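K.L.:
What follows is a predicted protein model with its sequence.
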Amino acid sequence: MPFLVLVRHGQSTWNLENRFTGETDIPLTALGREEAMTAGTKLRGITFSHGFTSVLQRAIDTMTLILEEAEQQRLPVTHDRALNERNYGELQGLGKAEIAKQYGDAQVAIWRRSFSTRPPGGESLEDTAARVIPYYLGTIKPYLQKGDNILVVAHGNSLRALMMHLEGIGEQEIADIELPTGIPRRYTFSEDLKLEKCEYL
């Protein structure tokens, strides 16, 4: 029975500063590196066949640290922009608190959590899903169909989009789901790729 493990990258500097990060290439904090190493410890004993990350450094570094701790440094890893974080457009780099003062908490909540509403110049979660899910179906799922275990390290919104597809989560429900940094979420499939179990490790 194949496994798919999703990990949101460890804490980044702009996570710490409560800024909209999006596709800006921001490094991990010291805590983020620790979170990645802890995730790797939890994944020891699972043999993966392939890994996938976005092209953003915080995801790539998280994958590297995970594989070091899991003692699987030779795992082949593919980096693709399809797994990048949702683009927050004009909000990228701005503090969430200052944006809330300017536009109000309700508007910020819509920009952050609505499925289909785009922030100014950016992507909605629906737009993010439109690149993540085809990539999963065309590139990642074939490995699972062969019975391989796969590790994906990406971002809060790109992984939430994938969770919607894998778990059948609705557009309203996904607004309340927050994926924690550095905690592996394992999906166990049957041989015909029916989802049997999903859990945080």
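P.N.:
The structure has been received and is ready for your questions.
K.L.:
Check residue 175 and give its pLDDT.
P.N.:
Note for residue 175: predicted pLDDT of 89.
K.L.:
was I right about it contacting residue 114?
P.N.:
Yes: in this structure residue 175 lies within contact range of residue 114 using Cβ atoms under 8 Å: 7.0 Å. Where C-beta positions appear, they are placed from N, C-alpha and C, glycine not excepted.
K.L.:
Need the overlap of contacts for the two.
P.N.:
Common neighbours of residue 175 and residue 114, using Cβ atoms under 8 Å, 6 or more residues apart in numbering, do not exist here.
K.L.:
Might you report the residue contacts of residue 193?
P.N.:
Residue 193 makes contact with 2, 141, 144, 145, according to Cβ under 8 Å, 6+ apart.
K.L.:
Distance-wise, check it relative to residue 133.
P.N.:
Applying Cβ to Cβ, to the nearest Å, the value for residue 193 to residue 133 is 15 Å.
K.L.:
can you check residue 114 too?
P.N.:
18 Å.
K.L.:
One more: residue 199?
P.N.:
From residue 199 over to residue 133 the distance is 22 Å, taken as Cβ to Cβ.
K.L.:
who's more crowded, the two?
P.N.:
Looking at residue 199 and residue 133 with other Cβ atoms under 10 Å, you find the greater number of neighbours at residue 133, namely 16 against 9.
K.L.:
And stretch 100-118, what's buried?
P.N.:
108, 111, 112, 113, 114, 115, 118 (16 or more other Cβ atoms under 10 Å).
K.L.:
Poorly predicted segments of this protein, please.
P.N.:
Along the chain, no part satisfies pLDDT under 70.
K.L.:
Let me see the ranges of the helices in it.
P.N.:
Ranges of helices in the chain, per DSSP state H, are 13-16, 30-42, 57-69, 96-103, 105-113, 125-135, 141-145, 156-167.
K.L.:
Next, format these as a markdown table and append distance to residue 49.
P.N.:
Shown next, in a markdown table, are the helices of the chain (distance: least, Cβ to Cβ, whole Å):
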| stretch | distance to residue 49 |
| --- | --- |
| helix 13-16 | 30 |
| helix 30-42 | 17 |
| helix 57-69 | 13 |
| helix 96-103 | 38 |
| helix 105-113 | 34 |
| helix 125-135 | 17 |
| helix 141-145 | 6 |
| helix 156-167 | 18 |
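K.L.:
just so I know, which of the ones you listed lies nearest residue 181?
P.N.:
Each of the helices of the chain has some distance to residue 181 by Cβ to Cβ; the shortest is helix 30-42, at 5.6 Å.
K.L.:
Tell me the buried residues in the closest one?
P.N.:
The neighbour-count criterion (16+ other Cβ under 10 Å) identifies 32, 33, 35, 36, 37, 38, 39, 40, 42 as the buried residues of helix 30-42.
K.L.:
ok and it relative to helix 57-69, angle-wise?
P.N.:
Inter-element angle recorded for helix 30-42 and helix 57-69: 40 degrees (by axes from the mean of the first three to the mean of the last three Cα atoms, to 10 degrees).
K.L.:
Good, wrapping up.
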